[in-house]
Structures are given as C-alpha cells and as structure tokens.
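Asks: predicted model and sequence below, questions to follow.
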Amino acid sequence: MTTQDVAATSAVGRSPLLFVLTIFASASLVFLVQPMIAKLVLPLLGGGPSIWNTSLAFFQTALLVGYGYAHSLQRVQSIRMQAGIHLAAMILAALVLPMHVTGVFGAPSSEHPALWLLGVMAVSIGAPFAVLSATAPLVQAWHARTLHADSGSEPYALYAASNLGSLIALLAYPIVVEPLTSLHAQAMGWSLGYGGFILLMAALMYFVTRGAAAPAPVVTETAEAGGDAPTWRNRLTWVVLAAIPSSLMMGVTTHLTTDVASAPFIWVVPLALYLVTFIIAFSTKPAISQDTTLILQAAAVAACASLLPFKASNLFLQLFIHLSAYFLTALMCHQALVARRPNPSRLTEFYLWMSFGGVVGGGFNAFLAPAIFNNVWEYPLVLALACLVRPWGEGPIERWRWVTFALGCLAAVAAPVATFAAYTGQIGRADMLGMTGHDLMLLLVKVALAVAVVCAFLVRRRGIVFFGIITIISLAAEGAGDKVDVLKSWRSFFGVVRQSELQLPEMGGTVRMLSHGTTLHGAQAQDPRWRCRPLVYYAPETPIGQVFTQRLGERRVLRIGAVGLGTGAVAAYTRPGDHLTFFEIDPLVIRVATDPAHFSYTTECAKGQIDYVVGDARLTLARQPTNQFDILLIDAFSSDSVPAHLLTVEAMKAYLTHIKPDGVLILHLSNRNLDLRSPAMAVAYAAGGEALLQRHGAAKNSPMLWESSEDALIVARNEAALAAFAADRRWTPSEPTLARPWTDDYTNLVGALYGRMKERWDWLP
C-alpha cells in the first residue's frame, strides 16, 4: 500500500458514506434522464416503442464510452490527477445544458429515423450522460485502493447501491416526476441536479486526494496489479452474460409496448426489473439465491414459451408471465456474471466488458433484428438461447430425462396438430362432452402444452436438454397460437405490420385485414358487393362513419385530412371533386395500403383525389394551410395507443386552426388500457373548442368486422358546426372537468391507466 493510499484511507475513513452517496446520486441522474429525454423526442417521432429501444441502445453505448473512459483513467499515475481530469470533464460536459433537443439535425426523417435519433441524443445529452456513467466504476476503483485496501471491504457491493439509485429515479419518473411537473421544469431540474452533483463529486475528490502525493500503480495485464489477468475466454463470457439480459429487456419492452401503450411509464418497467437483477446479484447477501433463481426461471421460461403466441390471452396473465420469465432469466445471467467477477484491481475492465455486452445485446435488438427479421423473433430466440446459461450437469444424461424430453416434445407437437385439425374441419361436435369442436381443440391445445411445460421443468438440471425442449415448445406454440391466416408480414422502425385473412360467409367469403401487433388497423372484404364498404372503425354505423355520411349529405365538395392511414378505408367515402390527404409516419404502411395486391380502398374505391404526406402529424400538419379541412380525422394508432403528443392542448389548437369555421375534428379514442376520453374532453375545452362524445356499441347481430364498438370525440370551433350532431341523441355533451388537460409539458398516462382500471372494476376506490 502506497503512502498516498494510507493518507487517502485516513481521510476517506471518516466519511465512507460519501462513496455511497456519490454513486447513488450519479446513478439517479443517469436513469432519471432516460425516460425524460425519450419523452422530449416523442412529438418528433410518433411515440413508437422503437424510439425507446433505440434510445436504450444509445444509452448503453454512452455507458460503454463512460466505462471505457473510467478504465483508461486508471492508467493515470495519481489519484489527484484522475480527480482533476474527471472534474474538468464534468464541467466541459455541462456546456450542452440546460437539457433540450438540439435542432442542428433539422426535422426527423421517416426513412432513417434511427440515425436522426442517435445524432440528436448524442449532441443533446451524450456528454453529460457518459461522464456521469463513468462515476460508478471510477469511484469504486478509488474505493478499492483506499477502503478496500485497508479493510477488505467489497467494492462490488457499491454497484448494488448504484443500481438502487437508478431504480428509485426510474420509478420516480412515472409516479412522481411526470404527473406533477412540466417537461420544461423536468429538464431544468435535471440540469440543476447535474450542477449539484459536480459539487458533490468535488467533495469526494477532496477526501480521496487529501494528502495524496505518491503516484498510483498503473494497471497492467499481469498479476502484479492484483489477481490474474482475465483471459479472452473470461471476457467473452462476461460479454455473453451481459448481452442476454440487455437483449431480453428490449425484446419484452417491444412486446409490452405493442400490446399496451407507447409511453415512458410502460417502458420503465422492464428497465426497472433489469436494475433489480443487478441489485440482487451484486448484493453481499442476495435476496434470491442462485439455486432458487434456477428453479423459478425454469418454470417461468417454460410457461412463457407456451404462452407467447397467444396474444389474445388475459392481459395481466401476459404481463406476469413475460415479466417473470424475463426478470428471472436476467437475474440468472447476472448472478452467473457476478460469480465470475475478477479481483477488485480488475474492476474497471470488468465493467467495461460488461457494458460492451449490454451494447451487443441492445444493438442486436435495436438495429440488426429489424433488418433481418420480419417479425419480433429476437425475443423468443434469445429467451431460448439463454437456457444454455443454465448448468449442463456432469456425466451422461440419465435415461429418464431423455424419456421425459421425448414425451414433452410429443406433447408440444400435438398442440399445433389439434389446431390444424380443428381449422380444417377434422374435429366436429363433441356432444358427449357438451363442447363444440373448437372448444375441444382449445382444451387439447392447453393440455398438450401444459404437459410439455411440466416435462421441461423436470429436465431443468440439464441445460442443453432444457434448451432443446424449450425450443420445441416455442415452435409448437407458434403453430398453435391465436389462429389467423397471416399472408404477409413486414417490419420497419415503427413496428411490425401484418396482412391476414379471415373467412366470413356473411361478407361473401374472404376478408383481408391489416394489423400492427394485436391492433386491427382496418379490413376489406374481397367480395365485389362489399369491397368498397368501409368496415370496423370506419363503417357507416360508427361515429366516424356518421360524420362522413352527414357531411357527404350536404352535397358540397369536401376537403378531408386523416392522420393515420391504416388500410385507407375512409377513402371509400370520397366523391368526384373531394380531396383527401393522409398524414402517415410510416412509409411502409403507405406502400402496403396503396398496393391493389393487398388493399384497394385508395385505388379502386376512392372517387376523389388522394395524396399522402409522410412524417409525424404534429410536424406535417403545421406546414399545411389554415382553415383548410371540412373534416380532420385523428386516428394515429400505434399498437392500440394514440401517441400522447397528439392529445395535448397545443396539438388541439393546431388542429382547430386547420379546419374551416364550420369544419369538424374527429378524435378516435378507443383504447383497451387507457382512458383517453377524459383528458381529450379537457383538452378540447382548454383549446377553446366545442365537443361532443359518442360511445358506440356494435350491434349484437352484426357480422364480425362489419362494424366495431368505439369511442369518438368530435370537436369544432363553434357550436353551429356541431348543430347537426347535437340533435342526434347518440352524441352527448363532453365533460371537460374529469381530468387535467394534457399539454406538451404535462401528460398523465398513469392516471389514464388508473381511469380505465377504475371503469372496469367499480370496487376500485
């Protein structure tokens, strides 16, 4: 131990909590800024889950840069000089503050949105984030050379404190910060917090360097620095064990945001669980042992593999199973990573390779997978591959495990066979059991998959065998999942789009559908009698259809705008002389909807002029002339959620300026999991508009897809424009006091989620 270290230990020994406080504060700032900056760019890129995944990939890369900087700094020969360099770096990084979205790259590109987003984030927040990220390994390295050198205390335990700070900040954002403060106040508060952290870091540097004079030993690749140098096999293992949880975090995030809502309060859940796994794994006394993790992970992954394709299953069951499988698999990998940690003298290198693994896993999901897969295959693929991390056991595999493996595979394969038999008419009525053939099929599928899951659990102690049976279950469940005849699947930055077909004799046979995740974006009958009839949300019986029908009855040429293309069904309402402009953020949707080989509403059924504007509606509408539209439809779905930035007072004011004095604005507010009606009514009133609401229920005797139940709000600049609708009892006056109006500075999606839950369960207080 050097003279410098003895002196430093004497000073730091009087304030060991300063290490914990500094790491805790830096981690809090690092993870508070992630949902904050993502929300800042939401109005520019439409609110899709890929924004969050790309943002995570950026933050992981910035984290790698920070860890690389901290590791390189260990080669500087004195702690005092290290502290001086780091203090200067923090001050220089502060020059980009206060936090904001830079305008140097101009408006985002719909063709290359990921590149635009990465550039904007690098300039806007990259430097402060990277410098803050370096704090944890740097301070732990100083701890290892002071307190650890003297008392033998474990510096790796500080990583648990770091992740605890990250977790608290991350959860505080949707629960406290987002509902109670404006976005401008958040950005300014974070910038001030960064300034305060510089002062805190300076205090720690004072204690660490007090009395320091002798140079620090340089980290080398020999055992002289303390402990054997890691081999390349060690490093590769660290990378793989870090990459799997990172990839799974993005995979499960994509799954959840596709089926729930594209909003930071949903995005933070997988990231929060990711941090919890680090807290548990790096704790000196883990709350969950490795043996317990392996048992629970086997059960959760087997259940998840069998449930993954059944997207129509109960939402809360889906959430529980997927999050459990992801959490336990990530914990299994991180516990294996901690078990392979090196001597504390190699601490910064360990974190560097661990961070590189995070970049590999995140980069695979954010950039490579969308380019090579036409569906979100990366999630089940990595979930299955993660099973190879489990212990493989020693010696030959017992015969009973092979028998169990074979039985499980046969049971799994029986599930898609039963599905195929039912949908090809091989299973008729089962009168003895009082069930239809379809009911019997569902029972057989569930029993078969349950048997396969039990068999998988029984062979869990052999990692290679467990991996094999999980792979078979995943493939078999895919064939037995929610049965829709998917003809084509496409993928872009904005999500996965599928074209499927359903046979409906009531509409002459084949009906073609377009969906994003589990959300139907439109349907078109192929029978000539019904091909040009708008279906589901746009049928004449629905609120949207009622508005178009009423305005068409006025026998004047209409100028129409529609945010969100889908299949282009509203184009069927246009007459000669009418002009309809679709505002669509995803060029892929335009290519599909305008190709007669897929859908023909815009090419065969439309009688008026149809054109398209590519980009986010807030930006593209702002460039349109004012007082232009007779009807403006806002139906910009992204996996069953309207992006929040399209439901703010500022957005509403812009919409109202673009409709004519007697024009109407239609907001399609249907959502399974969020109450969008209350904030939308408040927003309409705050923007100075008049509004009417309709909660439409589809007729019980109507054929499937003929129409749909939906909520819609129509808004106008004055009461006279709504007179014809006010006389219709289906439309009711709005109630603008049920929620605080959303603005670009304030949204409360947690409150919207609570509102929907309260509506479903009257017993909720």
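Replies: Looks like it arrived, so ask away. Just so it is clear, the model here is predicted, and its values are computed rather than measured.
Asks: as a check, name the ranges of all helices in the stretch 251-400 of the chain.
Replies: Here the stretch 251-400 of the chain has its helices, by DSSP state H, counting those that start in this stretch, at 264-282, 290-307, 315-339, 347-363, 369-372, 378-385, 399-423.
Asks: please look at residue 380 and residue 305 and confirm they touch.
Replies: Yes: at 6.9 Å, residue 380 and residue 305 qualify as touching, with contact defined as CB atoms under 8 Å. Heads up, the C-betas are built off the backbone N, CA and C, glycines and all.
Asks: give me the more crowded residue out of these two.
Replies: residue 305 (30 against 23; other CB atoms under 10 Å).
Asks: pretty sure that one is touching residue 472, no?
Replies: No: judged on CB under 8 Å, residue 305 makes no contact with residue 472 at a distance of 9.1 Å.
Asks: hang on, the earlier thing: save the helices of the stretch 251-400 of the chain as CSV, and put in mean pLDDT and distance to residue 465 too.
Replies: Listed next are those as CSV, based on pLDDT from 0 to 100; distance: least, CB to CB, whole Å:
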stretch, mean pLDDT, distance to residue 465
helix 264-282, 82, 25
helix 290-307, 93, 11
helix 315-339, 90, 17
helix 347-363, 90, 25
helix 369-372, 85, 27
helix 378-385, 92, 13
helix 399-423, 80, 5
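Asks: reformat the ones you listed as a markdown table; add distance to residue 188.
Replies: Listed next are the helices of the stretch 251-400 of the chain as a markdown table, based on distance: least, CB to CB, whole Å:
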| stretch | distance to residue 188 |
| --- | --- |
| helix 264-282 | 18 |
| helix 290-307 | 42 |
| helix 315-339 | 34 |
| helix 347-363 | 29 |
| helix 369-372 | 35 |
| helix 378-385 | 37 |
| helix 399-423 | 55 |
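Asks: which of those sits closest to residue 490?
Replies: helix 369-372 (10.7 Å; CB to CB).
Asks: for the residue lying closest to residue 687 once chain neighbours are set aside, which residues are in contact?
Replies: Closest residue to residue 687 apart from its sequence neighbours, by CB to CB, 6 or more residues apart in numbering: residue 652 at 3.7 Å. Residues near residue 652 by CB atoms under 8 Å, 6 or more residues apart in numbering: 683, 684, 686, 687, 689, 715.
Asks: what's the neighbour count on the second one?
Replies: The number of residues packed near residue 684 is 28, by other CB under 10 Å.
Asks: quick one on the thing from earlier: which residues do residue 380 and residue 305 both contact?
Replies: By CB under 8 Å, 6+ apart, the residues touching both residue 380 and residue 305 are residue 474.
Asks: before we move on, the earlier item: tell me the SS of the residue nearest to residue 687?
Replies: Following DSSP: H, G, I helix; E, B strand; the rest coil, we place residue 652 in the helix state.
Asks: that one and residue 90, how far apart?
Replies: To residue 90, residue 652 is 41 Å away according to CB to CB, to the nearest Å.
Asks: try residue 389
Replies: Residue 389 sits 37 Å away from residue 90 when distances are taken as CB to CB.
Asks: for stretch 274-293, measure first residue to last.
Replies: Start to finish, the residues bounding stretch 274-293 are 15 Å apart (CA to CA, to the nearest Å).
Asks: report the distance from it to the chain centre.
Replies: Centre-to-centre, stretch 274-293 and its host chain are 24 Å apart (CA atoms, centre = their mean, to the nearest Å).
Asks: wait, residue 571 touches residue 604, no?
Replies: No: the pair residue 571 and residue 604 does not pass the contact test of CB under 8 Å, sitting 9.6 Å apart.
Asks: more crowded one of those two?
Replies: residue 571 (29 against 14).
Asks: doesn't the more buried one lie inside a strand?
Replies: No: Residue 571: not assigned to a strand; according to three-state DSSP it is helix.
Asks: quick one, what contacts it?
Replies: 580, 601, 602, 605, 606, 608, 610.
Asks: could you check how far it is from residue 670?
Replies: Residue 571 is 21 Å from residue 670, where distance means CB to CB.
Asks: chain center to the host helix or strand of residue 754, what's the gap?
Replies: Here residue 754, judged by DSSP states H and E, is contained in helix 749-760. In terms of CA atoms, centre = their mean, the centre of helix 749-760 is set 19 Å apart from its chain centre.
Asks: any buried residues in it, and which?
Replies: Burial within helix 749-760, assessed by neighbour count using 16 or more other CB atoms under 10 Å, is assigned to 749, 750, 751, 752, 753, 755, 756.
Asks: tell me the helices and strands packed up against that helix.
Replies: helix 178-180, helix 264-282, helix 677-686 (3 or more CB pairs under 8 Å, 6 or more residues apart in numbering; DSSP states H and E).
Asks: now for the shortest one, which elements pack on it?
Replies: In terms of contact count using 3+ CB pairs under 8 Å, 6+ apart, helix 178-180 is assigned the packing partners helix 749-760.
Asks: you'd agree residue 581 is up against residue 614?
Replies: No: the criterion here is CB under 8 Å, and residue 581 misses it with residue 614 at 11.5 Å.
Asks: which of those two has more neighbours?
Replies: For residue 581 versus residue 614, neighbours defined as other CB under 10 Å are more numerous around residue 581 (20 against 16).
Asks: tell me the strands beside whatever helix or strand the more buried one lives in, with direction?
Replies: Here residue 581 sits within strand 579-584, counting by DSSP H and E. Neighbouring strands of strand 579-584 in its sheet, by DSSP bridges, are strand 559-563 (parallel), strand 609-614 (parallel).
Asks: return the distance of it from the chain's centre.
Replies: 28 Å.
Asks: just stretch 571-589 next, same as before
Replies: With CA atoms, centre = their mean as the basis, stretch 571-589 stands 29 Å off its chain's centre.
Asks: could you tell me the end-to-end distance of it?
Replies: 15 Å.
Asks: what are the buried residues along it?
Replies: Judged by neighbour count using 16+ other CB under 10 Å, the buried positions of stretch 571-589 are 571-574, 578-589.
Asks: pLDDT of it, averaged?
Replies: Mean pLDDT, stretch 571-589: 93.
Asks: coming back round to it: highest average neighbour count across the strands paired with strand 579-584?
Replies: Of the strands paired with strand 579-584, the one with the most neighbours on average (mean count of other CB atoms under 10 Å) is strand 559-563, at a mean of 24.
Asks: average pLDDT across that strand?
Replies: 95.
Asks: with stretch 132-151 instead?
Replies: The model assigns stretch 132-151 a mean pLDDT of 73.
Asks: starting at the chain centroid, how far to that stretch?
Replies: 34 Å.
Asks: and the helices of the stretch 251-400 of the chain: which comes nearest residue 206?
Replies: The minimum distance between residue 206 and the helices of the stretch 251-400 of the chain falls on helix 347-363, with 21.9 Å, by CB to CB.
Asks: the bottom helix or strand of the protein by mean pLDDT?
Replies: Lowest by mean pLDDT, DSSP states H and E among the helices and strands of the chain is helix 3-12, with a mean of 43.
Asks: okay, and the common contacts of residue 305 and residue 472?
Replies: Counting by CB under 8 Å, 6+ apart, no residue touches both residue 305 and residue 472.
Asks: pretty sure residue 729 sits in a strand.
Replies: No: if the criterion is three-state DSSP, then residue 729 is coil and not within a strand.
Asks: dihedrals phi and psi, it?
Replies: Dihedral angles of residue 729 (phi, psi; degrees, to the nearest 10) stand at phi -70, psi -10.
Asks: okay, now it: neighbour count?
Replies: 7.
Asks: per-residue pLDDT, it?
Replies: On the pLDDT scale, residue 729 gets 92.
Asks: strands of the stretch 401-550 of the chain, start to end?
Replies: Along the stretch 401-550 of the chain, the segments classed as strands by DSSP state E, counting those that start in this stretch run 485-492, 495-504, 509-516, 519-525.
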